[in-house]
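Engineer: Just the structure for this:
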Amino acid sequence: MSGTEVTTAPHPLLLADGRPAAEAWSLDPALKHLNHGSFGAVPLVAQARQQELRAEMERSPVVWFPAQPQRIAETRSELAAFLGVSADDLALVPNASAGASVVFAGLERRRGGEIVVTDHGYGAVTMGAERLARRWGGRVRTARVPLDVDEEQAYEAVIAEIGEATDLVVLDHITSATARLMPVDRIGEAARQRGIPLLVDGAHAPGLLAAPLAGVSCDFWVGNLHKWGCAPRGTAALIARGPQHDSLYPLIDSWGAADPYPDRFDQQGTLDATAYLAAPTALDFIERTWGWQAARQYMDELADYAAHVIGTAFADLTGVGGTVDVGMPVPGMRLVRLPDGLGTSRVAADALRDRVAGELDVEAAFTSFDGIGYMRLSAHVYNTAADYEYFAESCVPVLGRWAREAREQHRTA
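Structural biologist: As a prediction, the model looks like this:
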């Protein structure tokens, strides 16, 4: 993980038969797919495996559903090995936000009902924390973590908000909007010493980090396998350690409710669990084709190159651009600052995403932090340097024009 700008493009990854990596996916070739981080992309082999499982389910549902819990339990063991955790600690949930909701539903107030979050937190999870604080009669305390601060400064900013009334800390492993790490290991140890539960939102971590929970002391951790892991959507892991896992239940009760954690999550009526069961196929495909270590290295080098190419194009055009210092960089993800006038709020950034997709045929991620708009680059093995060179050459001038128009409209409003 370099997090430094490079000017040399990495050689594209190929399939075993020499074809481009992208041919292992069903992504529309008429679009440029530069936003793997939001919804992932499922390789064809995993799509086929899920369809096989669905066909089996539909051929004999009365046979399928009673046997489904055992199949899920076996799959949990495979996924736990990939994450480097015990299968006894891992439950499968539809996405990281669902896992966070499970935690919020199971916790009880023990102190003053305060919950500590950061200003980098994922909106849906933060809203869940706010709802829990209202139910407890407490409040949410938000740690302000400047974008470019290092590990020590980020740690101090969060610790400063923890006090005698704190009942829960919610911390991103990798921040969604700002593509940076948080010092979850150090904060987890500090929370443990104070007897305060820590929930780590690791939505982006599986596949992107080699061993995401290594050295991390936390009570709860959630991570999506359908992002960098390329599993069918939605497949996520909820990791719960220690005695508090006994308080966790699926959001919908079923016949497994009386079972211990995590078994009670394996039986949920007529839930279509084929995404869970096909997840190992996606993980195995990356390992067999390139190896996860090589894939991560490629994604990181490509993200560096992409940030250099696109950042330079913005800087040459407007004087604003270049790779953004996020303090604790993430492999495979980078930020590039947008020209003034674009993406200055979450709503504006989402609108820009939709406009770029509709008018420029590019799927890209745009985010906002502290009133500044950014393009969030998130590369995967099917991306190539040419994808980002195209954006720099063909799309950056258009975004520069849109920014000028937005500023003019603001002046005349």
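
Engineer: According to the record, where do the domains of the chain fall?
Structural biologist: Per automatic domain parsing, the domain ranges recorded for the chain read 21-30+290-412, 46-284.

Engineer: distance between the ends of the last one?
Structural biologist: Spelled out, that is domain 46-284. End-to-end distance for domain 46-284: 10 Å, by Cα to Cα, to the nearest Å.

Engineer: how distant is that domain from the center of its chain?
Structural biologist: On the basis of Cα atoms, centre = their mean, to the nearest Å, domain 46-284 sits 11 Å off its chain's mean C-alpha point.

Engineer: Give me the neighbour count for the spatially closest residue to Ala364 that is not a sequence neighbour.
Structural biologist: In space, not counting the residues next to it along the chain, Ala364 is nearest to Leu34; the distance is 4.7 Å by Cβ to Cβ, 6 or more residues apart in numbering. (Each C-beta comes from the backbone N, C-alpha and C, glycine too.) Neighbour count for Leu34, taken as other Cβ atoms under 10 Å: 25.

Engineer: Tell me if I'm right that Leu34 and Ala386 touch.
Structural biologist: No: Leu34 lies out of contact with Ala386 (Cβ atoms under 8 Å); the separation is 11.5 Å.

Engineer: For Asp148, which non-adjacent residue is spatially closest?
Structural biologist: Spatial nearest neighbour of Asp148, chain neighbours left out: Asp325 (4.4 Å); criterion: Cβ to Cβ, 6+ apart.

Engineer: Let me know the secondary structure of the one you found.
Structural biologist: Here Asp325 is recorded as coil under DSSP: H, G, I helix; E, B strand; the rest coil.

Engineer: contacts for the lowest-mean-pLDDT helix or strand in the chain?
Structural biologist: When each helix and strand of the chain is scored by mean pLDDT, DSSP states H and E, helix 396-412 comes last, with a mean of 88. With Cβ atoms under 8 Å, 6 or more residues apart in numbering as the test, helix 396-412 has contacts from 310, 313-314, 317-318, 338-342, 352, 355-356, 359-360.

Engineer: how about 6 Å then?
Structural biologist: Ala313, Phe314, Leu317, Thr318, Pro339, Gly341, Leu342 (Cβ atoms under 6 Å, 6 or more residues apart in numbering).

Engineer: Please identify which helix or strand holds the residue nearest to the spatial centre of the chain.
Structural biologist: The residue lying closest to the centre of the chain (Cα atoms, centre = their mean) is His204, at 2.5 Å. Under DSSP states H and E, no helix or strand contains His204.

Engineer: Same check on Ser77?
Structural biologist: Going by DSSP H and E, Ser77 is part of helix 61-83.

Engineer: returning to what we had before: can you put the contacts of helix 396-412 in JSON lines and add secondary structure and neighbour count?
Structural biologist: Shown next, in JSON lines, are the contacts of helix 396-412 (DSSP: H, G, I helix; E, B strand; the rest coil; neighbours: other Cβ atoms under 10 Å):
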{"residue": "Ala313", "secondary structure": "helix", "neighbour count": "22"}
{"residue": "Phe314", "secondary structure": "helix", "neighbour count": "23"}
{"residue": "Leu317", "secondary structure": "helix", "neighbour count": "17"}
{"residue": "Thr318", "secondary structure": "helix", "neighbour count": "18"}
{"residue": "Pro339", "secondary structure": "coil", "neighbour count": "23"}
{"residue": "Gly341", "secondary structure": "coil", "neighbour count": "21"}
{"residue": "Leu342", "secondary structure": "coil", "neighbour count": "25"}
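
Engineer: Taking those residues together, which two end up most distant?
Structural biologist: For the contacts of helix 396-412, the maximum inter-member distance is 16.9 Å, found between Ala313 and Gly341 (Cβ to Cβ).

Engineer: any idea which of the contacts of helix 396-412 is closest to Glu114?
Structural biologist: Leu342 (36.1 Å).

Engineer: thought that closest one was touching Tyr374?
Structural biologist: No: using Cβ atoms under 6 Å, Leu342 is not in contact with Tyr374, being 9.4 Å away.

Engineer: sorry, back to before: looking at the contacts of helix 396-412, which one is closest to Val170?
Structural biologist: In terms of Cβ to Cβ, no member of the contacts of helix 396-412 lies closer to Val170 than Leu342, at 29.5 Å.

Engineer: how near is the closest one to Ser368?
Structural biologist: As for Leu342, its distance to Ser368 is 9 Å (criterion: Cβ to Cβ, to the nearest Å).

Engineer: repeat for Gly195
Structural biologist: When Gly195 is compared with Ser368 (using Cβ to Cβ), they lie 36 Å apart.

Engineer: Between the two, which has more neighbouring residues?
Structural biologist: Ser368 (21 against 9).

Engineer: Hmm, Ala349 and that one touching each other?
Structural biologist: Yes: between Ser368 and Ala349 there is a contact under Cβ under 6 Å: 4.6 Å.

Engineer: Report the set of residues contacting both of these two.
Structural biologist: Common neighbours of Ser368 and Ala349 (criterion: Cβ under 6 Å, 6+ apart): Gly343.

Engineer: about what we covered before: the domains of the chain: which one's closest to Leu14?
Structural biologist: Closest among those, using Cβ to Cβ: domain 21-30+290-412, at 6.3 Å.

Engineer: which residues in the protein form helices?
Structural biologist: Along the chain, the stretches classed as helices by DSSP state H are 36-39, 44-59, 61-83, 96-106, 123-136, 151-159, 184-194, 274-289, 292-318, 346-360, 385-390, 396-412.

Engineer: How about the first one, which residues are buried there?
Structural biologist: Yep, that's helix 36-39 we're talking about. Using 16 or more other Cβ atoms under 10 Å as the test for burial, helix 36-39 gives His36, Gly37.

Engineer: What lies in contact with that helix?
Structural biologist: For helix 36-39, the surrounding residues in contact (Cβ under 6 Å, 6+ apart) are Ala365, Ser378, His380.

Engineer: Just the residues you listed: which are in strands?
Structural biologist: Among the contacts of helix 36-39, the members found in strands (DSSP state E) are Ala365, Ser378.
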